[in-house]
Every structure is written in structure tokens, then in C-alpha cells.
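[1] here's my sequence, what's the structure:
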Amino acid sequence: MLNRVTTPQNLDERFRDAVSALRPPEDGRVPGDPVREDSTLTGARARDLFDAQLTARHLDLAARWLRSFNEGFQTVGSAGHEGNAAVAAALRGDDPVFLHQRSAAFYCVRLAQRPDDVGGDRLRGLEEAARDVLRGVVASVRDPITGGRDKVFGNPELHLVPAVSTLAAHLPRAVGLARALPADGSGPWPGDAIVAASFGDAGAGRPAGAAALQAAGWYSRSGGLPLLLICEDNGPDDWTASALRGRPGLRYSFADGCDLAAVFDAATEAAEFVRTERRPALLHLSTVHLLAQPGPEVEPGADRDPLIGTARLLVEAGLLGPDEVITRYDEVGWLVRKAAEEVLGEPKLVSIGEIVASLAPRRPLRVAHAVTEGGERAAGPKAAARRQIFGGNLPEQAGPMTLAQTINAALTDALAANPGLMVLGAGGAHGVTAGLRERGGDRVVESLPDATTILGLALGAGLAGRLPVAELDGLAALHDAGEQLRGEAALMSFLSAGAYRNPLVLRVPALAQPFGLGGHAVNDNSVAALRDVPGLVVAVPSRAEDAAPMLRSCLAAADVDGSVCVFLEPVALYQTRDLYQQGDSEWLAPYAAPDTWAGGHIPIGRARIYGMGNTQDLTIVTYGNGVRMSLRVAAQLAAEGYGSRVVDLRWLNPLPTADLLREATATGRVLIVDETRRSGGVGEGVLAALVDGAFVGSARRVAAADSPVPLGPAAQQVLVGEDAITQGAHALLAR
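    Residues are numbered from 1 along each chain as shown. Model prediction:
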């Protein structure tokens with residue numbers, strides 16, 4: 001088997017030698033007939049697909065030519081995978097497709113399928129496709145998908161959604177999109193469209209790939225999952241076939257990925273099954289990996305080169321002679337080299353402003369306006385529908401509420417206000433979403449208890465035009481699905497130049513309980529994985545009064561700007577009622593009526609300030625559980641004659657830097673109460689903000705120990721408590 005060819009020259013010579021040795025038959029086939037007896041692929045279509053395969057091969061050669069003089073920056077090629085040209089031919093041009101990194105031939109065919117194709121001129125169409133791909137190679141701002149930020153296969157005009165993250169990480173999103181496609185065609189795609197996603201054999205065993213295969217099979221039981229998964233397997237043995245064959249709920253088929261006619265027939269049959277039955281299918285293609293990095297000596301078997309296979313198919317059908325194949329090969333090569341020379345002079349990104357322009361746009365005035373409009377609709381035209389979804393018992397009439405009750409009411413209000421809103425993963429252990437299924441109907445989806453699947457479903461729903469609100473069962477689950485949040489969610493807008501968005505609000509019962517319930521896997525206090533994700537909004541409501549306005553801000557930002565928001569809900573405060581003493585009920589708050597939402601709007605990145613005493617002696621900066629503890633300590637300090645300001649950050653990203661610096665400067669003494677770990681915790685970011693803001697004064701941190709949270713009473717030795725806050729405050733006040 002030919003699995004490695006170490007140089008472009010070697011591959012080029014093998015192709016020419018193999019084609020020159022071919023002999024045409026005495027009697028050939030006509031272009032409109034099948035290219036061979038056992039196939040439905042016509043000769044004319046095979047010739048067109050061969051052109052796309054040739055273009056893909058020369059794109060690989062051009063990428064290496066550009067790299068040789070430091071003008072090309074990506075050489076991951078498609079050589080050996082050119083059979084996916086036939087997969088593109090088996091799909092419709094308006095089927096949304098997620099392509100893996102070896103899909104140049106597919107891209108060339110998809111571009112040629114456009115209704116407004118370039119005048120039917122084959123060469124012009126191939127040149128345009130080549131230019132698109134090479135713009136990604138040279139990081140041109142005219143790249144049709146990333147705008148010069150990376151080289152991936154995508155184009156919104158061609159319904160090609162980029163795979164922006166690690167291997168197979170796009171597959172859970174593909175499952176989600178297939179599940180969320182509106183059957184009535186009301187979304188971005190026709191009602192009979194199918195979703196396709198390709199991936200390599202290495203992705204089949206990755207966590208995201210395994211989760212997607214499991215989810216696709218699971219959801220196939222109820223139908224309504226028009227998904228075609230294509231595994232392009234260049235592995236050396238049949239391990240991947242053994243792993244994929246017989247997956248429950250997935251119709252499996254196999255074809256030799258180096259045989260164009262076989263791929264076309266298998267892909268056409270699989271696509272028709274998915275389109276007709278609205279159930280998922282898995283097409284497994286055996287391929288080879290050519291133009292790899294230098295490695296072992298080349299093994300024999302050049303007939304596994306897909307280009308040689310298609311050339312043999314056409315020559316043996318009498319549709320092209322060997323000399324015509326070589327001429328066609330050289331003609332396409334000249335065309336691709338010309339395109340490469342043209343894109344060299346195109347502009348590139350030159351400033352950080354250009355680079356991050358599509359990362360996470362923020363339009364706070366529009367968000368505030370959306371919140372205001374939502375309140376006006378809820379109090380006016382939607383008042384009857386709102387009363388109905390609440391069963392006649394409006395939350396603003398229910399009296400003071402806990403944090404959990406407030407979030408439940410705010411989610412119900414969101415379901416009533418936005419028919420496109422979906423709640424996924426509902427029914428968590430803490431009961432915050434109790435009753436939502438009865439109120440929201442099929443818009444409340446109880447998904448598989450797998451964080452990767454939940455996030456994938458949510459991201460696919462967002463791509464389909466919905467507004468997803470997903471729930472995980474804790475921070476540990478968030479860490480499991482980190483690549484979905486960090487890569488697929490946070491990078492999509494960035495790597496599609498804003499063409500695709502990820503409107504998402506992800507709710508996570510978070511932070512630790514001081515009683516050591518459940519052990520470290522459940523009682524997790526680390527949010528370090530969220531702190532360095534560019535563009536991510538991270539909210540932490542500490543009390544009921546702030547929870548609903550903050551959730552509405554996140555929902556509005558997701559809807560208006562396509563923001564990705566993580567809403568961390570302190571588990572220990574869900575049912576907390578009292579603040580200073582038992583029975584005072586000061587941690588409860590009434591639910592705000594819709595006509596007051598505008599006045600109570602909490603912008604993203606704005607803190608809440610509490611004053612105690614003369615407020616001149618100490619600033620305590622905290623969030624989450626730390627707010628309640630710090631307020632109790634501040635009350636004790638006030639009784640001792642010390643005035644404090646307690647700053648509830650509320651937003652961990654973006655940090656409310658202006659509020660923080662103002663309140664820190666007012667006293668000159670800052671105590672940071674951070675319930676996450678001392679290393680990698682939020683407190684580090686607060687200290688950095690103070691330094692960057694030229695704060696002059698004293699600062700001290702109280703943080704959790706660098707340890708997982710143990711079971712039982714031992715947890716109190718790790719987590720921050722009121723005694724530690726009091727000691728830290730007195731140490732600062734003594735300076």
C-alpha cells in the first residue's frame with residue numbers, strides 16, 4: 001500500500017509514469033453512459049470530477065512551493081483523499097457540510113455546483129476554487145472564510161461550515177445542526193437538506209468523535225436526524241472499520257476511497273437514504289496519505305493514488321487518452337501556479353484590531369435596547385402568553401425568591417419571549433429547571449448526560465438560527481467538554497470572519513460547597529479553564545436580585561451579537577435565604593416585573609458595589625460565594641469602626657476593570673477574596689488588572705488552597721472561609 005510519498009517530485013513522476021503506461025480500448029464509451037458497467041457515474045461527470053481532483057493535487061504542490069520561500073504557511077494537503085470529489089457530487093449544493101482538513105477536491109466540486117457558476121467555464125471555475133484555497137495558504141485577508149486568520153475549508157456562499165477546532169470536534173455540532181434543521185425550511189437551509197460532515201480515522205477515536213457517533217445513533221431512534229458522516233480512513237489496517245461497523249442507529253456503508261466511481265455510487269446511495277429517511281448514515285472510505293512528512297521508505301502500490309485510479313478509469317473507458325490526461329494535468333497545474341502567483345501580492349492582517357474584529361463583537365447599547373424591548377413586549381403584546389406559560393402565577397407576585405427560583409422564572413420568561421429559544425440538558429440534580437419541560441414543550445430537550453453532546457447540540461442549534469441555553473451538571477463536566485467551548489464555540493466567529501456565529505448561554509452549577517458534598521469530581525472550585533478563552537463572557541450571579549438581569553443580559557448578547565456566555569451559578573447559594581442571621585431573609589429578592597427590566601439592566605462587565613460604614617478604610621473584591629461571606633465580615637468590621645466597600649465583580653470575563661480600579665483607589669487597601677485556587681485563580685487576574693491600572697496602595701489575597709476539594713469537613717481546610725477573610729482584612733487595616 002502506498003501510504004507515504006516524501007516529495008512532490010516523486011508523486012508527480014509516479015503519476016506521469018503510471019498514466020503513460022495505460023492503454024485505451026479499441027471501442028470506448030460515450031460521455032453520457034456510465035463510465036463502467038457497475039457504476040452510475042457517467043463518463044462526462046467523471047471527467048469533471050477528475051479536473052477537481054487534479055486541481056486539489058496541484059494545490060498541494062503549490063502550497064509546498066509557496067512554503068519553500070516562506071510565503072506559504074500551511075502544507076496539510078489532500079493528496080490521497082481526492083476521492084471526496086465524488087462525495088461532493090453526490091450532495092446538493094445547498095446541503096450544509098463540515099469539511100475536514102483534506103477536502104480540497106470536495107471544495108472545488110462544491111464551488112462548481114453553484115447556480116451562478118462562472119459562465120460554465122470549467123477552467124475559470126477551477127481557478128476560482130484554487131484561488132480560494134491558496135488565499136488560506138498565504139494568509140490573505142481575501143480568504144473566503146477566515147479572512148487570513150487560518151487555512152480551513154469553508155465558505156458561507158457554498159454552505160460550507162468550517163471545522164475550526166481539533167480533530168473531529170466539529171462532529172457534535174454537526175449532530176446538533178441535523179437535529180435542529182427546521183423541516184419547514186424556515187431556517188437558512190431547505191426543509192429537505194441534509195447535514196454532512198467528514199473526518200479522518202484519527203478523529204473516530206477522539207472524545208468528540210466518539211460522543212458524536214454515540215449521539216447520532218441515540219437520536220436516530222426518534223428520526224429527524226438527517227446526518228451523513230464520512231470517515232476518510234488512511235490507517236494502515238482495518239481497526240477503524242471494526243470500530244465503525246455495526247454502530248447502533250447508524251446505517252454503515254463502505255467504499256474504496258481511491259476509486260472515484262465506487263465512492264460516487266456509495267455516497268449517492270447514502271445521501272439518498274439520509275434525505276429520504278431523515279436518519280443518519282456513516283460512509284466509510286479507505287484512503288491513503290500522500291505527501292506526508294519525510295518518513296519510512298515508500299511502499300509499493302502506486303495504484304492506490306486516487307488520481308492514477310481516475311486516470312485509469314477514464315482511459316479504459318476510452319474517454320481520454322494517456323496523452324490527453326497528461327495534457328489536462330499540466331494545464332490544471334499551470335492554472336493553479338498562476339493563481340498562486342496572483343494571491344502572493346494580496347494584503348494580510350497587519351494589526352491586532354483587524355485580527356480580533358470578528359472574535360467577539362460587543363454592542364452594549366443594542367443589548368440594553370434588546371432587554372428594554374423584551375420587557376415592553378412581556379408587559380404588553382406578550383402579556384397573555386406570559387401569564388399562560390406561568391400557569392397564571394406570575395413570579396413577580398410570588399414574593400421573595402431564592403437564587404434557584406429566580407433563575408427558573410427567568411428561563412421561563414425567556415421561553416415565553418423568544419420562540420426560537422431552546423433549553424438543553426434540563427432536569428439537573430439541583431432542580432433549577434424543574435417544570436420547564438411542561439412550560440416549554442419540545443423546546444426543552446433532555447439530552448444525553450454527556451457534556452460534549454450537550455454542547456454540540458447547542459452549537460448546532462445556534463447555527464440553525466435558534467438561541468440555545470444549555471445546562472451542564474457541574475464544572476467537572478465543563479472540563480470534559482473543554483474543546484467544544486474553547487474551540488468550536490469561541491473560535492467559530494473568529495475563524496469565519498463573523499459569517500457564522502455561536503449564540504450560546506451555557507449554565508453551569510459551579511463553585512464549591514463548604515460542606516464537602518460529593519468529593520472533588522462534583523465539588524469543583526476551578527474556573528481556570530475559562531479564564532484564557534478569548535471573547536468568552538463569564539457571569540457569576542451571587543444573589544437572586546442580580547441573577548435574572550444578568551441572565552437577560554447574556555441572552556440578549558447571545559441573540560444580538562452571537563456571544564458565547566458561561567453562566568456560573570454558585571451551588572451553595574441556590575437555596576440560601578439569610579444573610580446576617582437566621583430568619584432575616586435578606587438573601588432573597590422579589591422577581592422584577594417586565595416593566596422594570598430596563599431600569600434594572602446589568603450591563604456585561606459592570607460590578608455591584610456595597611457600602612459598609614464610612615466606606616473609607618478597605619475595599620473587598622470578590623464574587624460568588626465570597627460576596628455573602630465578605631458582606632458578613634464587612635458588617636463585623638463596621639461594628640469595630642472600620643468602613644468597607646464590597647465589590648461583587650459579577651463578571652469574570654470581561655472583568656469590570658473600571659469599577660475595580662475606582663473602588664480600589666478610593667481606600668488604597670484591597671483584599672481579594674477568591675474562592676478559586678491560589679494558582680490559576682481569578683485573584684491573579686484581579687491583581688494583574690490593578691497593576692495594569694497603576695493602582696497605588698496595598699493589596700492582599702485570600703484564596704482557596706492549591707488542592708482538589710476533599711470530601712466532608714476537610715473541605716473547609718481548602719476553601720475560603722469567613723475567618724480567613726477577617727484575618728486578611730485586619731492584616732491590611734494594620735498597615
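
[2] and residue 198, that's in a strand?
    Yes. When classified by DSSP: H, G, I helix; E, B strand; the rest coil, residue 198 is found to be part of a strand.

[3] just give the number of residues close to it.
    Look at residue 198: counted by other CB atoms under 10 Å, it has 28 neighbours. For every residue, glycine as well, the C-beta is placed using N, CA and C.

[4] ok, now residue 581?
    Neighbourhood size, residue 581 [other CB under 10 Å]: 8.

[5] that one: what secondary structure?
    Following three-state DSSP, the label given to residue 581 is coil.

[6] now do it against residue 632, distance only.
    10 Å (CB to CB, to the nearest Å).

[7] could I get the full set of helices for the stretch 351-500 of the chain?
    Along the stretch 351-500 of the chain, counting by DSSP state H, counting those that start in this stretch, helices occupy 352-356, 364-379, 383-389, 403-417, 436-440, 451-463, 475-480, 482-483, 490-491.

[8] give the rounded mean pLDDT of stretch 496-511.
    For stretch 496-511, mean pLDDT is 94.

[9] report the distance from stretch 619-637 to the chain centre.
    With CA atoms, centre = their mean, to the nearest Å as the basis, stretch 619-637 stands 36 Å off its chain's centre.

[10] same check, this time on stretch 175-194
    How far stretch 175-194 lies from its chain's middle: 19 Å, per CA atoms, centre = their mean.

[11] show the subsequent helix or strand relative to the helix or strand where residue 671 lies.
    Assigning secondary structure by DSSP states H and E places residue 671 in strand 669-677. Using DSSP H and E, the next helix or strand after strand 669-677 towards the C-terminus is helix 682-692.

[12] and that following helix with strand 669-677, angle?
    Interaxial angle, helix 682-692 versus strand 669-677 (axes from the mean of the first three to the mean of the last three CA atoms, to 10 degrees): 150 degrees.

[13] name the surrounding residues that touch helix 682-692.
    Contact with helix 682-692 is made by 527, 531, 621, 623, 649, 652, 655, 657, 660-661, 664, 670, 672, 674, 676, 699, 701, 703, as judged by CB atoms under 8 Å, 6 or more residues apart in numbering.

[14] which of those fall in strands?
    621, 652, 670, 672, 674, 676, 699, 701, 703 (DSSP state E).

[15] so which of the residues you listed is the most crowded?
    Compared across those, residue 621 has the highest neighbour count, 31 neighbours, by other CB under 10 Å.

[16] local confidence estimate at it?
    pLDDT, residue 621: 98.

[17] rewinding a little: going by mean pLDDT, which of the helices of the stretch 351-500 of the chain comes out lowest?
    Lowest mean pLDDT within these: helix 475-480, a mean of 84.

[18] restricting to C-alpha, output that one in CSV.
    Taking Å, rounded to 0.1, in the frame of the first residue of the first chain, the C-alpha atoms of helix 475-480 are listed here in CSV:
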residue,chain,number,x,y,z
LEU,A,475,-17.6,22.3,36.4
ALA,A,476,-16.2,18.8,36.0
ALA,A,477,-18.5,18.3,33.0
LEU,A,478,-17.3,21.6,31.6
HIS,A,479,-13.7,20.4,31.7
ASP,A,480,-14.8,17.2,29.9
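
[19] which other helices and strands contact it?
    helix 451-463, strand 504-510, helix 528-531 (3 or more CB pairs under 8 Å, 6 or more residues apart in numbering; DSSP states H and E).

[20] so can I have CSV of these showing distance to residue 695 and mean neighbour count?
    Listed next are those as CSV, based on distance: least, CB to CB, whole Å; neighbours: other CB atoms under 10 Å:
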stretch, distance to residue 695, mean neighbour count
helix 451-463, 37, 29
strand 504-510, 28, 26
helix 528-531, 20, 18
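
[21] now distance to residue 275 too, for these, in JSON lines please.
    Shown next, in JSON lines, are these (distance: least, CB to CB, whole Å):
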{"stretch": "helix 451-463", "distance to residue 275": "18"}
{"stretch": "strand 504-510", "distance to residue 275": "29"}
{"stretch": "helix 528-531", "distance to residue 275": "39"}
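
[22] quick one: closest of the ones you listed to residue 557.
    Closest approach to residue 557 among the helices and strands packed on helix 475-480 (CB to CB): strand 504-510, 8.7 Å.

[23] C-alpha coordinates for the closest one, CSV please?
    The C-alpha coordinates for strand 504-510 follow below in CSV (Å, rounded to 0.1, in the frame of the first residue of the first chain):
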residue,chain,number,x,y,z
LEU,A,504,-25.0,30.4,23.4
VAL,A,505,-25.7,30.7,27.1
LEU,A,506,-24.2,27.8,29.0
ARG,A,507,-25.5,27.4,32.5
VAL,A,508,-23.2,25.5,35.0
PRO,A,509,-23.9,24.8,38.6
ALA,A,510,-20.5,25.8,39.9
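
[24] ok now it, how far from the chain's centre?
    Relative to its parent chain, strand 504-510 has a centroid offset of 15 Å by CA atoms, centre = their mean.

[25] taking helix 403-417 as reference, get the angle to that strand.
    160 degrees.

[26] which one, of the helices of the stretch 351-500 of the chain, ends up nearest to residue 307?
    That would be helix 490-491 among the helices of the stretch 351-500 of the chain, by CB to CB, at 33.1 Å.

[27] so which residues make contact with the closest one?
    For helix 490-491, using CB under 8 Å, 6+ apart, the contacting residues are 164-165, 360, 502, 533-536, 564.

[28] just put the helices of the stretch 351-500 of the chain in a markdown table and tack on distance to residue 694.
    Below are the helices of the stretch 351-500 of the chain laid out as a markdown table (distance: least, CB to CB, whole Å):
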| stretch | distance to residue 694 |
| --- | --- |
| helix 352-356 | 22 |
| helix 364-379 | 25 |
| helix 383-389 | 48 |
| helix 403-417 | 36 |
| helix 436-440 | 47 |
| helix 451-463 | 39 |
| helix 475-480 | 34 |
| helix 482-483 | 34 |
| helix 490-491 | 30 |
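
[29] tell me which residues touch the closest residue to residue 20 other than its chain neighbours, please.
    Counting by CB to CB, 6 or more residues apart in numbering, residue 20 lies nearest to residue 322, which is 5.7 Å off, once chain neighbours are set aside. Listed by CB under 8 Å, 6+ apart, the contact set of residue 322 reads 19-24, 311, 315.

[30] let's go with 7 Å and repeat that
    By CB atoms under 7 Å, 6 or more residues apart in numbering, the contact set of residue 322 is 19-20, 22, 315.

[31] ok, residue 57 next?
    Per CB under 7 Å, 6+ apart, neighbours of residue 57: 79, 82, 307.

[32] ok, the residues you listed vs residue 709, which is closest?
    Among those, residue 79 lies closest to residue 709 (CB to CB), at 50.6 Å.

[33] before we move on, what SS does the closest one have?
    Using three-state DSSP, the secondary structure recorded for residue 79 is coil.

[34] does it touch residue 291 like I think?
    Yes. If you go by CB atoms under 7 Å, residue 79 and residue 291 touch, sitting 4.3 Å apart.

[35] shared neighbours of those two, which are they?
    Residues touching both residue 79 and residue 291 (CB under 7 Å, 6+ apart) are 11, 60.
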